[in-house]
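Asks: return a 3D structure for these sequence lines:
(3 chains)
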Amino acid sequence: MRIAARGLRLVILAAFAVFFVIPIGWLILAPTKADGALVTSSPFSFGSFHQVVLAWDHLDAFSDHIYRIWIGNSLLYSFSATAIVLATAIPAGYGLALGNFPGRRVVLTLTLVVMIMPAAALVLPIFLELNALHLIGSVLSVILPFSFFPFGVYLAYLYYATAIPRDLLDAARVDGAGEWQTFRRIALPLAKPIVALVFFFSFVADWNNFFLPYAVLADSSQYPIQVGLSNLLSSTPSFNPAQGGGGQQVNIFRPELALATLLAVIPVAIVFLLSQRALVRGMLGGAVKQ
Amino acid sequence: MSSPALTSAPVEATRPRGLHGAPVRGRRTGAGVSFILPYLPFLIGFGIAPMIYALVLAFTTSSGGWAGAGNFTRTFKDYRFLPAFEHILLYTGVWLGTLIVFVVGLALLLHGRANRVSTGFRFLFYLPGALAGAAAVLVWLFMLDPAVSPFSFLEHNVFGVQLFVQSIAPGKLPFVFAMIAFWTGAGGWIVVMYGALNTIPHELDEAARIDGAGPFTIAFRLKLPLIRKWIAYMLILSFATGTQLFIEPQLVNEASLGLVPDTWSSNQLAYQLAFRYGDFNAAAAITVDLLVIGLLAAVLIVTRTGLFRREG
Amino acid sequence: MALRAFRGSALLWPLSRRLRQIMLTSLAAVGLAVSAGACTSSSSTSSAPASSASGKVGGSLTVWVDSVRLPVAQAYAKAHPNVHVRIVTFDGDGNGATTMQTKIQLWNRTGSGWPDVIFSEQVNDPVWMAKPPFNFAAPIKGLIPQSILSQWPSPSTTQCTINGTQYCLQDNLAQVVLWYNKKLMTQFGYTVPTTWQQWAAIGQKVATQHPGYIIGTSGESFSHWIYFWGNQCPLEKLQGSQLLINTSDTHCTEMASLLTPLIKNGTVPPLSVFTPDFAKKYGGANDKVLMMPGPSWYAQAVFQATLHIPAGQITAAMPLQWKNETPVTTGQVGGGPWIISRHSKNLATAADFVQWATTVFNPPGANARPGYPAYEPLANTWLKALSANPYFAADPTPAMKAAASLIWSGWNLVTYPDQPVWSNTVVTQLVAGKSLSSLMPAFGHALSQAAQAAGYQVSQ
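Replies: Below is the predicted model of the structure:
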């Protein structure tokens, strides 16, 4: 009976693993085949590296190398915004956790409330705000909203509330150290895990954000890669063959789209991998047992 | 906008405890307001102000006068309003269902015998999380096309789908979108549930096993009730994002040559109202509708699961 | 998004600290390099000064085109090295998309960013572009000489004229003709039909004698333009300030009854020629397209480039007649307009571009422009090349030429796209197996809703 139960468990887990992994496997193999071969040959056959190079050439040639620009934009937005998030959220979390000033609980509550609210709901008012500030059309219209990351503040708050050893705090109080001195002496040395954690979440959130850039950016050369992918989808024959012809000259078909998707995912995957240790250690306030 | 019980309670429930379990309050260093000063402009500018602005827009006219419920009734009467809300409520219902059944179920299965195999599976479930938004939809556009999909056998024989247009038939869309959302999001939530399960003391497990309880009983009668809080959090957060669905139907609209309308979800309708008709007041009304629904659901879930009740 | 939070995996990847540092710094360096490169390339302008409306051709020009018009823009840039042409490819507002509406609203709101020239696949785009709140389109009259403008057929000019002013130039005419496979028709012993009734009769025969072959499609986003526009069904008829949408008119119901059994027996499937599924099933070696009512631009773009029908088979016949009613009317599928922005700082070059694209651009051979040029002198050259094209079984140009003047004028252009209504209300249900006749009332109702949302007063 135990063995049957164990076997059943494995079967179920394996079935789900197949569901989760197969599309990724397909995605990795798709650029190695030409468009026709995608249909006729097995989904898991390997085509050729040469085909991948061809697919990249087509993708790169689209609209004057705009794909590279899109990736560059995503990197710019994500890194800049995350840098600002780190600079603002870490001290804020520290202040909220250990501070003692009027309005502390208000700020914390507001942060939580805004955190629970999905960002998409705020995009339209943010657009109007940015327009009033004449920021529409500049990269700041994306970077500044991205730099608001209440979840990062909340994480830092949780972290600092639990991570500071009592003796260090007492020592600082006895020494009569000032606020920022205490911060530098106590909080900064301990900051590495929380910095990695907040960096990870902020970067990934910024990289994957679609609705805000879609709404506020009118110039396609400012798109981040997520919006760029949708532009690619709608401008190319694979899924939107135009009236008046197949738009064959554009040369973006399914292998190129698959390659575009794959390349768009790689930076996030790298950040995922780099942040593993910090995530494990920092997760759930120590609730995850090794 | 939200009840005090709801906003202060999470603070209560997660009141930070120091290393020795003592509340932090007595240990404050006197760090001042200067620490939150760099963060405040962002909180106000991109958090609080837009929230208030959205409310203001929803209750005023385009010239700034008071509109009362005018925007709400106007959008309600729009012929695309009800279908859009039907779509997202059905989609959210299906998605939450899959979260409750499969995420919790898989986490319990993984936790049953925590070992390297389970670790390996957790990683595999987690992989699709790297593809979010547009990338995930693009992948699934291929998966839903029986001509190229590795799942074509299933599609032909189990679902009776021969062509891409059949995959995205209107009746199927909420389930298709829920599946995509599940594919990208389940892994992360499984890890959370797994971590939550890890907080259950081993002794309880042992005691139950000694008492003769089988794996099912342990899972459903012991572990499941103890992670109720985390399940509730998952549902509340997922409900809010579910109703805000935008990118999946938007991309399918483009890929289907218009077969799926560009106002399929309420958020898409809000976007069209704002950016095609320039009617930000109507769009804000829809946004407020969605927020209210999210809050109602949160209240419902909190009361049904006794989320903020103190453990005895 | 905070919601993608709580991620973590217990799997430890033992990347050394040093390796992680290297990866992070190189990522940052790449990011900075690419974005720096992006900044310089997108802002470069030629040193020639921007010209005014009556100025000379030069300076910089921003053009938004769909993927099919990309070669035109590229060719212009090549032929005019003194103009710095920035080309942006977008969806062309295809299939009833509202991309341009959202973009123009955005540009209007911020007060900058408008391109100089836009190509749209939607014939009705200029209608709302010329009106408030968009106010985007520039009147053509002062920009292009009247001697040139007068050589567009008058229906084409009429379509571009809103409230008495011409706001666009049509790139090509898109009259619907009857495309057929001469080789297969002869092989099966069918006569080329001249009426819809004969066409339907062949469809019934084909279903039993040669199952798998088709005589048309009903799954395009514009199928209603082929079958209903051509048959004078009033679905978009402006009568003063009212818009007439009446699906119970006999012209509509009779066509729907004609099509319903054909859709059911599979000879007019609810598919689109532009889906890979269609090409796989009916194109290429399968060669199952027996007949297909469709626009003139199907010629090489669809049959040769998309479906890969073998050479020497396809040709065109006159549009079908309804019983023996005269005059014979036909529908129109596109004929994309070029629009110049009234905010353009380089109107002279913009006008030069549009003029060149519609009157000069005419590459030979495989890269030929897909559409029947609206500009008559160029049309003659294009038709001559097409009739000499060995791809076709017979000369398709007489039919195309004759059909150009047969487009029914009772279908007016409106500010809202009707293609999505057809796709959502009808095509999805046809795929599910419902009959077309039963869907017509719902179709009419949905059209009315779309019209009213766009501010029209609808009459039945």
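Asks: how far away is C:Ala451 from C:Ala368?
Replies: Counting by Cβ to Cβ, to the nearest Å, the gap from C:Ala451 to C:Ala368 is 38 Å. In this view, the C-beta of every residue, glycine as well, is placed from N, C-alpha and C.
Asks: out of those two, which sits in the more crowded spot?
Replies: Each of C:Ala451 and C:Ala368 has its neighbours counted (other Cβ atoms under 10 Å in any protein chain shown); C:Ala451 has more, 21 against 17.
Asks: the more buried one contacts C:Leu243, correct?
Replies: Yes. Using Cβ atoms under 8 Å, C:Ala451 is in contact with C:Leu243, at 5.3 Å.
Asks: which neighbours do these two share?
Replies: C:Val414, C:Val458 (Cβ atoms under 8 Å, 6 or more residues apart in numbering or on different chains).
Asks: look at A:Val174 and report its pLDDT.
Replies: You'll see A:Val174 listed with a pLDDT of 76.
Asks: actually A:Thr236, not the one I wrote
Replies: 68.
Asks: C:Lys281 too?
Replies: Value for C:Lys281, per-residue pLDDT: 88.
Asks: which ones are touching it?
Replies: Here C:Lys281 is in contact with C:Leu271, C:Lys288 (Cβ under 8 Å, 6+ apart).
Asks: how about C:Val65, phi and psi?
Replies: phi -130, psi 160 (degrees, to the nearest 10).
Asks: over to the one 3 residues further on?
Replies: Its backbone dihedrals place C:Val68 at phi -80, psi -30, with angles given as degrees, to the nearest 10.
Asks: so what's the residue count around it?
Replies: Neighbours of C:Val68 under the rule other Cβ under 10 Å: 30.
Asks: surely it and C:Gly334 touch.
Replies: No. Contact criterion Cβ under 8 Å: C:Val68 and C:Gly334 do not qualify, at 10.4 Å.
Asks: what's the local residue count around the closest residue to C:Thr359 other than its chain neighbours?
Replies: Distances taken as Cβ to Cβ, 6 or more residues apart in numbering or on different chains put C:Tyr375 closest to C:Thr359, at 4.9 Å, once the chain neighbours are dropped. Neighbourhood size, C:Tyr375 [other Cβ under 10 Å]: 26.
Asks: ok, now B:Ala285?
Replies: B:Ala285: 27 neighbours (other Cβ under 10 Å).
Asks: that one: which element?
Replies: Here B:Ala285 sits within helix B:280-305, counting by DSSP states H and E.
Asks: and that helix, which residues are buried?
Replies: Within helix B:280-305, the residues that qualify as buried are B:280-291, B:293-295, B:297-298, B:301-302, B:305, counting by 16 or more other Cβ atoms under 10 Å in any protein chain shown.
Asks: got it, and stretch B:133-146?
Replies: Neighbour count says stretch B:133-146 has B:133-146 buried, by 16+ other Cβ under 10 Å.
Asks: from the residues you listed, which are also near chain A?
Replies: Among these, the residues lying close to chain A (Cβ under 8 Å from any Cβ of the partner chain) are B:Gly133, B:Ala134, B:Ala135, B:Leu138, B:Val139, B:Trp140, B:Leu141, B:Phe142, B:Met143.
Asks: thinking again about what came up before, C:Gln170 versus the residue nearest to C:Thr359, what's the distance?
Replies: In terms of Cβ to Cβ, C:Tyr375 sits 9 Å off from C:Gln170.
Asks: need the overlap of contacts for those two.
Replies: C:Trp152, C:Thr358.
Asks: give the residue spans of the stretch 51-200 of chain B that score low on pLDDT.
Replies: Applying pLDDT under 70 to the stretch 51-200 of chain B flags residues B:114.
Asks: what does it have sitting close to chain C?
Replies: B:78-80, B:119-120, B:122-123, B:126, B:129, B:132, B:145, B:147, B:163-166, B:169-170, B:185, B:187-189, B:191-192, B:195.
Asks: list buried residues within those residues.
Replies: Burial by neighbour count, 16+ other Cβ under 10 Å: within these this picks out B:78, B:80, B:119, B:122-123, B:126, B:129, B:132, B:145, B:147, B:163-166, B:169-170, B:185, B:187-189, B:191-192, B:195.
Asks: pLDDT score for C:Pro417?
Replies: Model confidence at C:Pro417 (pLDDT) stands at 92.
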